[in-house]
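*Asks:* only the shape, not the letters, is given here:
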């Protein structure tokens, strides 16, 4: 049994390490996790964007960054309409006081935001000067969107980064909004971050502990099923049964 358990244990540990590595890779490199993913060449691997302020200061309004530097998620519990503006100052989206979320289908941002680098053709019907054409997209009191203002718009390393092994600020950014009749903005900073070479030690350890615990449980159960496991001998004239490993 021990000879057969060792290869199984080594295989399980290798699998745990591989799984942990895969999970680490997903957490560090991907920019697609939920909402409306961006599926072209974009990646937030070397970038981190942070929100530094939200104005006006209204209770019930919150915004967070998703996937390092990919998307923003705005939640509106203010009891007022919150409007997000596009790249030319046009109304892009709004979350109403009743929780309904709408997009202005004539905003060029609706189409530009479907590509990480904005490499799309905006239809003639979309214009920053056109009257808004609102269309319902959600009713949860929140809106999630990719915004080009919060990330670096090129696969080429930013010129601000002189040493790729050092954390470097790229730029400050701002996304204009309005809460009720009060104008304001979501403001933040974008940073370049060096690639980490450290292994996800904690995740590997947890995976190994889980695998070892599972194997120990199997061994214990099989031992209890053996004849005489409770301290008695096997019936006279009958050889003990062998385990089917």
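*Replies:* Structure received. Computed from a predicted structure; not experimentally measured. Numbers count the residues shown, from 1 in each chain.
*Asks:* thought residue 48 was touching residue 194?
*Replies:* No. With the criterion set as Cβ atoms under 8 Å, residue 48 and residue 194 do not qualify as a contacting pair; they are 11.1 Å apart. From N, CA and C alone the C-beta is placed, and that goes for glycine too.
*Asks:* who's residue 47 bridged to?
*Replies:* Applying DSSP bridges to residue 47 yields these beta-bridge partners: residue 192.
*Asks:* from residue 159, how far off is it?
*Replies:* Here the criterion is Cβ to Cβ, to the nearest Å. By it, residue 47 lies 15 Å from residue 159.
*Asks:* of the two, who's got more company?
*Replies:* Remark: of residue 47 and residue 159, residue 47 carries more neighbours, 19 against 7, as counted by other Cβ atoms under 10 Å.
*Asks:* show me what contacts the more buried one?
*Replies:* Counting by Cβ atoms under 8 Å, 6 or more residues apart in numbering, residue 47 makes contact with 68-69, 151-152, 170, 190-193.
*Asks:* Produce a ChimeraX select command limited to the buried residues of these.
*Replies:* Applied in ChimeraX, the following selects the buried portion of the contacts of residue 47 according to 16 or more other Cβ atoms under 10 Å:
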select :68,69,151,152,170,190,191,192
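*Asks:* what would the contacts of residue 47 look like in JSON lines with pLDDT?
*Replies:* Output for the contacts of residue 47, formatted as JSON lines (pLDDT from 0 to 100):
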{"residue": "68", "pLDDT": "95"}
{"residue": "69", "pLDDT": "95"}
{"residue": "151", "pLDDT": "97"}
{"residue": "152", "pLDDT": "97"}
{"residue": "170", "pLDDT": "98"}
{"residue": "190", "pLDDT": "98"}
{"residue": "191", "pLDDT": "98"}
{"residue": "192", "pLDDT": "97"}
{"residue": "193", "pLDDT": "96"}
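*Asks:* report how many residues lie close to residue 195.
*Replies:* Neighbours around residue 195, by other Cβ under 10 Å: 10.
*Asks:* now do the contacts for the closest residue to it other than its chain neighbours.
*Replies:* If you skip the residues right next to it in sequence, residue 195 has residue 46 as its closest partner in space, 6.9 Å away by Cβ to Cβ, 6 or more residues apart in numbering. Contacts for residue 46 were tallied using Cβ under 8 Å, 6+ apart; they are 157, 164, 192-195.
*Asks:* which residue ranges of this structure form helices?
*Replies:* Taking DSSP state H, the helices of the chain run over residues 2-29, 108-112, 201-225.
*Asks:* where does the prediction get shaky in this protein?
*Replies:* Counting by pLDDT under 70, the ranges of the chain that qualify are 1-44, 197-245.
*Asks:* do that again at 50, thanks
*Replies:* 2, 5-6, 8-10, 12-41, 197-202, 231-232, 234, 243-245 (pLDDT under 50).
*Asks:* could you pull out the strands for it?
*Replies:* Remark: strands of the chain, listed N- to C-terminal, are 47-55, 61-66, 71-76, 82-85, 91-95, 101-104, 134-138, 142-146, 168-179, 182-192; assignment by DSSP state E.
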